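Take a look and give me a structure for this.
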Amino acid sequence: MVRRNSVFFTALAMLLCVIPIACNSKQPAPAAAPHPPSAQPSAAVPREESWTNFTTGANVKALALEGDDLWMGLPNGMIRYDTRTQDNHEVFTPASTRGGLISKGIYTLKADRHGVKWIGTYGGGLTLYDGKTWKTYTVADGLGDQWIYDVVFDGDLAWIATWKGVSVFDGKRFKNYTEKDGLLDKWVYSIALDHDHVFWFGTESGVNRFDGKTWSAYTHKDGLGADVAPAAPKAGSDKEPAPEPAVSALPSSEETNYGAVGSPSMRHHAGLGKKNIGPNPNFVIAAAVGHDNAKWFGTWGAGLSRFDGKSWTTFTKKDGLGGNFIHAVVVDSNGLVWAGTNGGVSWYDGTRWRNFSKDDGLVDDNVFSIVFDGKGDRWFGTWQGLSRHHGKLPS
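This next block holds a predicted model:
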């Protein structure tokens, strides 16, 4: 049964009153007011699962749990939601924080062991929030770039993925790694730290391995990503096959006016030879490490690749994934691998893939963020809102 909650309609309205969302063809229209749950669940929704959906009308790009608080990063601000309640939340924007947040667009959210929130923004640098005070770091402080995509903690060090390499912060100073040091590409989207204390970086040109001294690189030629050559048209048809629907992993107009000719974001990202509109097996958006120390890499349109240190295995829709555009990869406490795709959220038990989509109860099929709480609930950030799944997974 799917239960809908209006908690974030209020939050979204507050956000919009402060910062209007730019209109563009990719921006979904605000959802209609929720209807009370019907006495009988829809035939499209399995009776064995229980879903709660929070429709924001905005992309929930990032999720982080801190105790009972769920933190959400959106294109127009940040929300803290007390998961013990139905409607206890707090909204953060550049205006409401009086400049504590520089940018409204948030891509990544992480909480460290001290409870400090690390907020990676679009063009506004890296912001730290301890519950009382805000501190933002920019290129003026030594940060590699002000577009932040991932943060991974290694003791007292924070490793930060930016659009101009990887920055390492010790609390006082930044050390930056770029293509000169061994990175395949300066556009870095994901970082994973494996059980051997080796770092893995997902970039727009492949995957890098760094053990603290030596750099290694892996691309499609080595086994990363599936072949993305277009499928042949059906016999008797002169039409090209329809492309797989996907929402861009890059900032769009509601976040930084990305895509507008001459916009700061477009000028920042544009580079000779960059062609990321279509599927690209070397464009790695997400990374995670399994319980067996295998590395998982989500690509832009070329499926999800697993690397055990010797060989590569790539999974696509043909293998049961919801979609080939992978926005997020997370491993839960039971060792299940979860992938947020453009066709729902998929999980892998080591044998087969299963998938949740809108037909099962998800608020939207484009899934960008995944977290699991201590109660066994699964939270999914999507293009149009937040979904919580509680209960056992289908057998």
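
List the neighbours of stretch 214-226 that are in contact with it.
181-184, 205-210, 280-282, 284, 297, 299, 302-303, 305, 307, 311-312, 314, 316, 324 (CB atoms under 8 Å, 6 or more residues apart in numbering). Placement of C-beta: from N, CA and C, glycine included.

Can you flag the buried ones in those residues?
183-184, 205-210, 280-282, 284, 297, 299, 302-303, 305, 307, 312, 314, 316, 324 (16 or more other CB atoms under 10 Å).

In strands, which of those residues appear?
Counting by DSSP state E, the buried ones among the contacts of stretch 214-226 place 206-210, 280-282, 284, 297, 299, 305, 307, 312, 314 in strands.

Which of these sits closest to residue 174?
Comparing these against residue 174 with CB to CB places residue 210 closest, at 16.5 Å.

Wasn't residue 318 part of a helix?
Yes - assignment of residue 318 by DSSP: H, G, I helix; E, B strand; the rest coil places it within a helix.

any idea how far it is from residue 63?
Using CB to CB, to the nearest Å, residue 318 is found at 29 Å from residue 63.

Compare these two and say which is more crowded by neighbours.
More neighbours surround residue 63 than the other of residue 318 and residue 63, with 22 against 9 (other CB atoms under 10 Å).

For that one, what is the enclosing helix or strand?
Element membership for residue 63 (DSSP states H and E) is strand 62-66.

and the helix or strand that that strand is followed by with strand 62-66, angle?
Downstream of strand 62-66, the next assigned helix or strand under DSSP H and E is strand 69-74. Here strand 69-74 points in a direction 160 degrees away from that of strand 62-66 (axes from the mean of the first three to the mean of the last three CA atoms, to 10 degrees).

And the average pLDDT for strand 69-74 is what?
Per-residue pLDDT over strand 69-74 has a mean of 97.

can you list contacts of that strand?
With CB under 8 Å, 6+ apart, strand 69-74 has contacts from 15, 56, 58-65, 78-83, 106-109, 111, 117, 119, 369, 371, 373, 379, 381, 386.

do stretch 377-386 as well
Stretch 377-386 is contacted by residues 8, 28, 31, 53-63, 65, 70, 72, 83, 247, 332, 338, 340, 345, 356, 362-373, 387-390 when judged by CB under 8 Å, 6+ apart.

Quick one: buried ones out of those?
8, 28, 31, 53-63, 65, 70, 72, 83, 247, 338, 340, 345, 356, 362-372, 387-389.

can you pull the contacts of residue 326?
285, 286, 298, 299, 300, 303, 304, 339, 340, 341.

what about the second one, how many neighbours?
Other residues within reach of residue 286 by the criterion other CB under 10 Å amount to 27.

Over to residue 319?
15.

partner residues bridging the closest residue to it other than its chain neighbours?
For residue 319, ignoring the flanking residues on the chain, the nearest one in space by CB to CB, 6 or more residues apart in numbering is residue 353 at 6.0 Å. Note on residue 353: beta-bridge partners residue 348, judged by DSSP bridges.

can I assume residue 353 is in contact with residue 317?
No - look at residue 353 against residue 317 with CB atoms under 8 Å: they stay out of range, at 9.4 Å.

which regions of the protein lie under the pLDDT threshold?
1-49, 230-243, 245-277 (pLDDT under 70).

quick one: strands adjacent to the strand holding residue 63?
When pairing is defined by DSSP bridges, strand 62-66 lines up against strand 69-74 (antiparallel).

Parallel or antiparallel, list what pairs with the next helix or strand after the partner strand.
Using DSSP H and E, the next helix or strand after strand 69-74 towards the C-terminus is strand 77-82. As defined by DSSP bridges, the strand partners of strand 77-82 come to strand 69-74 (antiparallel), strand 89-92 (antiparallel).

Would you mark the buried spots in strand 77-82?
Buried, per 16+ other CB under 10 Å, within strand 77-82: 77, 78, 79, 80, 81.

Just the C-alphas of that strand, formatted as PDB.
The C-alpha trace of strand 77-82 is given here as PDB (Å, rounded to 0.1, in the frame of the first residue of the first chain):
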ATOM      1  CA  GLY A  77      18.000  24.200  -0.700                       C
ATOM      2  CA  MET A  78      18.200  21.700   2.000                       C
ATOM      3  CA  ILE A  79      15.600  20.100   4.300                       C
ATOM      4  CA  ARG A  80      16.100  18.400   7.700                       C
ATOM      5  CA  TYR A  81      13.200  16.000   8.400                       C
ATOM      6  CA  ASP A  82      12.600  14.300  11.800                       C
END
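
who are the neighbours in contact with the closest residue to residue 295 other than its chain neighbours?
Leaving aside its sequence neighbours, residue 295 sits nearest to residue 307 (CB to CB, 6+ apart; 4.6 Å). Under the criterion of CB under 8 Å, 6+ apart, the neighbours of residue 307 are 207, 218, 223, 224, 294, 295, 296, 297.

before we move on, what about residue 390?
50, 51, 52, 375, 376, 377, 378.

Determine the three-state secondary structure at the second one.
Three states are possible here, and by three-state DSSP the one that applies to residue 51 is strand.

follow-up on the earlier one: quick one, which of the strands paired with strand 77-82 is packed in tightest?
Of all those, strand 69-74 has the most neighbours on average by mean count of other CB atoms under 10 Å, namely a mean of 25.

buried ones in stretch 315-335?
315-317, 321-331.

What separation do you get for residue 97 and residue 126?
According to CB to CB, residue 97 and residue 126 sit 15 Å apart.

neighbour-wise, which of these two wins?
residue 126 (27 against 16).

can you give me the strands for the stretch 101-250 of the chain?
Assigned by DSSP state E, counting those that start in this stretch, the strands in the stretch 101-250 of the chain fall at 106-111, 117-121, 126-129, 134-137, 148-154, 157-162, 165-169, 174-177, 188-193, 199-203, 206-210, 215-218.

Partner strands of the third one, with direction?
Sheet partners assigned to strand 126-129 using DSSP bridges are listed as strand 117-121 (antiparallel), strand 134-137 (antiparallel).

Figure out which of these is closest to residue 194.
strand 117-121 (20.7 Å).

Give the burial count for residue 174, as a bare number.
Residues contacting residue 174 under the criterion other CB under 10 Å number 17.
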